[in-house]
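> With the sequence up front, the predicted model follows.
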Amino acid sequence: MDYKKLQNGSDIRGVALEGIEGQSVNLTEDVCKNIGRGFALWLSKKCGKKDGLRVAVGRDSRLSGETLANWICSEMAAQGICVTDFGMASTPAMFMATVTEGYSYDGTVMITASHLPFNRNGFKFFTAQGGLEKSDIKAILEYAEGTEQTGVAPASIEKGAFMDTYAAILVDKVRAATGEEKPLNGFKVVVDAGNGAGGFYASKVLDVLGADTNGSRYLDPDGSFPNHIPNPENKEAMESITQAVKETGADLGIIFDTDVDRAGAVLSDGSELNRNRIIAMLAAILLREHPGTTIVTDSITSTGLAKFIAARGGVHLRFKRGYRNVINESIRLNNEGKDSQLAIETSGHGALKENYFLDDGAYLVTKLIIELARGKKEGYTLESLIADLEEPAEGTEVRMNILLEDFKTYGQKVIDELTAYAEKKEGWSLAPDNFEGVRVNLGSDHGNGWFLLRLSLHDPLLPLNIESDEKGGVKKIASELYSFLAKYDSLDTSGLKNIAE
């Protein structure tokens, strides 16, 4: 077993169940127990102690979750860790268990594979300093592959719970911000949890605050995900929550991914609040609370979003893809004395300075809930906050496979040569302050928009994002790009060709 293959950035991901052809189970009992031993060793060295370490374990609704929890709990206990099994939980809640008074675990483990298919699963790890970095996961997997033991006498496993406590934290935040016990009286708010771990938000947060949540969908956990993938970026998932809002006449619709570290929303007029729109909404709120703050996003945000943030006196830093990259850049800015209140990807991974820079979908929508209640008092709507956001007329993403083993070298070569070409091509201009791949702005005769070509973080492909401010512009941009990229024999440009023709 090559444990390095289980690393997915700052997470561990693998196949936990049979059921999809060509995907063999690699999260076996031995592998999971070795990962538990690896985390025990890593945590012991991190904390500088062996005895008395306390770890809590949670899981989302995946079919394999309970089995994997039993395996990793048993091995950590065998290594002398005092383990508490929380059962069903959300990823953000597992971090909060390290910093909440009365809990304060040395470390926590969340068993999840986010929005991936039912047969996949994995592990996320936290300490009170936040989620682990790539280097930490690498070390844990190296320990797992070895034979080292902690040498500490076995400890206990006990059952526990934290989701009620976590939900109460969110409720208290809304009450403190609004000054009311039930600020959502008279509001209709529906939730689509996609049968993941997010159903608690309807019953333990919204209902408690007075909202009418009738018409909410798929709140019961079911790891086979029978209705749709729990993913705010998924078309069917967004159609589901949009339908729920329209059918019930809701003031707001909320949708979570499986483990609730991401969220999207639908406004009362049926318009989706995700990608650039949810970033704009949060930016509008935070720039009122923290004038001049820097909003750090990933690299594929729109030109209109940059104008929106600047118009409110904010600074927009368009950084790299990868939620840890975005969060770490925002933390770096703050450490340098430059205020940055929000780090967020267009995927819905968003982290706020006021909340430990934790990417927490439930916390993000709680900010929206507070604004919903505030708007009723002061005479404005959520929709009005982003009424002047300029949105592209068209947009698309093409993922072009690189057909070589050394894909990074080849992909970088393509990017470098396209950069040199863009510098000289009339009507094209390189975007300033770009941190990933090559981003090019195109004039009115060349599609009136922009494109970004970058290397995937993990896979052998070049993702290409195109946006245009006019109908037909994406096709024009794709056509100009295809005329350049078609010469690369080891790059699959068929998808780009289809758009260009």
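Looks like it arrived, so ask away.
> give the contact list for the nearest residue to residue 279 once chain neighbours are set aside.
Nearest residue to residue 279, sequence neighbours excluded (Cβ to Cβ, 6 or more residues apart in numbering): residue 344, at 5.4 Å. (Glycine included, C-beta is placed from N, CA and C.) Residue 344 makes contacts with 278-279, 282, 295-298, 326, 350-351, as judged by Cβ atoms under 8 Å, 6 or more residues apart in numbering.
> If we use 10 Å, what do you get?
278-279, 282-283, 295-298, 301, 323, 326-327, 330, 350-352, 359, 364 (Cβ atoms under 10 Å, 6 or more residues apart in numbering).
> So which residues of the stretch 251-400 of the chain form helices?
276-289, 303-311, 323-335, 361-378, 382-385 (DSSP state H, counting those that start in this stretch).
> Out of these, the one nearest residue 171 is which?
Nearest of the helices of the stretch 251-400 of the chain to residue 171, taken as Cβ to Cβ: helix 361-378 at 9.0 Å.
> Format the helices of the stretch 251-400 of the chain as a markdown table; extra columns: mean neighbour count and mean pLDDT.
Shown next, in a markdown table, are these (neighbours: other Cβ atoms under 10 Å; pLDDT from 0 to 100):
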| stretch | mean neighbour count | mean pLDDT |
| --- | --- | --- |
| helix 276-289 | 21 | 97 |
| helix 303-311 | 19 | 97 |
| helix 323-335 | 20 | 95 |
| helix 361-378 | 21 | 97 |
| helix 382-385 | 17 | 97 |
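> For residue 338, give its distance to residue 433.
As judged by Cβ to Cβ, to the nearest Å, residue 338 and residue 433 stand 14 Å apart.
> Looking at these two, which is more packed in?
Neighbours were counted for residue 338 and for residue 433 using other Cβ atoms under 10 Å; residue 338 has more, 14 against 9.
> backbone phi and psi for the more buried one, please?
The phi and psi values for residue 338, taken as degrees, to the nearest 10, are phi -100, psi 110.
> nearest residue to it other than its sequence neighbours?
residue 294 (6.1 Å).
> What ranges does the stretch 51-200 of the chain have for its helices?
65-78, 91-96, 134-145, 163-178, 200.
> Check the stretch 401-501 of the chain too.
Counting by DSSP H, counting those that start in this stretch, the helices of the stretch 401-501 of the chain are 407-424, 473-485, 494-500.
> Break the chain down into its structural domains.
Using automatic domain parsing, the domain parsing of the chain gives 3-161, 166-385, 394-500.
> what's the span of the second one from first residue to last?
Across domain 166-385, the straight-line distance between its terminal residues is 29 Å, by Cα to Cα, to the nearest Å.
> bridging residues for residue 82?
Under DSSP bridges, the beta-bridge partners of residue 82 are residue 54.
> Quick check: it touching residue 54?
Yes: at 4.8 Å, residue 82 counts as touching residue 54 under the criterion of Cβ atoms under 10 Å.
> so what sits against both of the two?
Common neighbours of residue 82 and residue 54 (Cβ under 10 Å, 6+ apart) are 105-106, 155.
> Among those residues, which one is most surrounded by other residues?
residue 105 (26 neighbours).
> For residue 9, give me the pLDDT.
Note on residue 9: pLDDT of 89.
> For residue 348, see how far away it is.
As judged by Cβ to Cβ, residue 9 and residue 348 stand 16 Å apart.
> quick one, which of those two is more surrounded?
When residue 9 and residue 348 are compared for neighbours, residue 348 comes out ahead with 26 against 15, by other Cβ under 10 Å.
> how about stretch 459-471: buried residues?
460-469 (16 or more other Cβ atoms under 10 Å).
> and what of stretch 445-459?
446-456.
> Among those residues, which pair sits farthest apart?
Farthest pair in these, by Cβ to Cβ: 448 and 456, 27.3 Å.
> if we can go back for a sec, so which of the buried residues of stretch 445-459 are in strands?
449-453 (DSSP state E).
> which regions of the stretch 301-450 of the chain lie under the pLDDT threshold?
Low-confidence segments of the stretch 301-450 of the chain (pLDDT under 70): none present.
> measure residue 79 to residue 41 for me?
Distance from residue 79 to residue 41, by Cβ to Cβ: 7 Å.
> what residues are shared contacts of the two?
50, 149-150.
> Show the buried residues in these.
50, 150.
> Mind putting the shared contacts of residue 79 and residue 41 into a markdown table with pLDDT and distance to residue 168?
Listed next are these as a markdown table, based on pLDDT from 0 to 100; distance: Cβ to Cβ, whole Å:
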| residue | pLDDT | distance to residue 168 |
| --- | --- | --- |
| 50 | 89 | 34 |
| 149 | 97 | 39 |
| 150 | 96 | 35 |
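> okay, the shared contacts of residue 79 and residue 41 in JSON lines with distance to residue 394 next?
Formatted as JSON lines, these follow (distance: Cβ to Cβ, whole Å):
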{"residue": "50", "distance to residue 394": "59"}
{"residue": "149", "distance to residue 394": "58"}
{"residue": "150", "distance to residue 394": "56"}
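> which residues does the residue nearest in space to the middle of the chain bridge with?
Computing the C-alpha centroid of the chain and ranking residues by Cα atoms, centre = their mean puts residue 349 first, at 2.9 Å. Counting by DSSP bridges, residue 349 is bridged to residue 262.
> ok, now which ones touch it?
By Cβ under 10 Å, 6+ apart, the neighbours of residue 349 are 114, 257, 261-263, 298, 322-324, 326-327, 343, 359-361, 364.
> One more pass at 6 Å, please.
262, 323, 359 (Cβ atoms under 6 Å, 6 or more residues apart in numbering).
> Need these in TSV (columns: distance to residue 484).
Below are these laid out as TSV (distance: Cβ to Cβ, whole Å):
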residue	distance to residue 484
262	35
323	31
359	36
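> and which of those residues is nearest residue 13?
residue 323 (14.4 Å).
> Go ahead and confirm the closest one touches residue 343.
No: using Cβ atoms under 6 Å, residue 323 is not in contact with residue 343, being 8.0 Å away.
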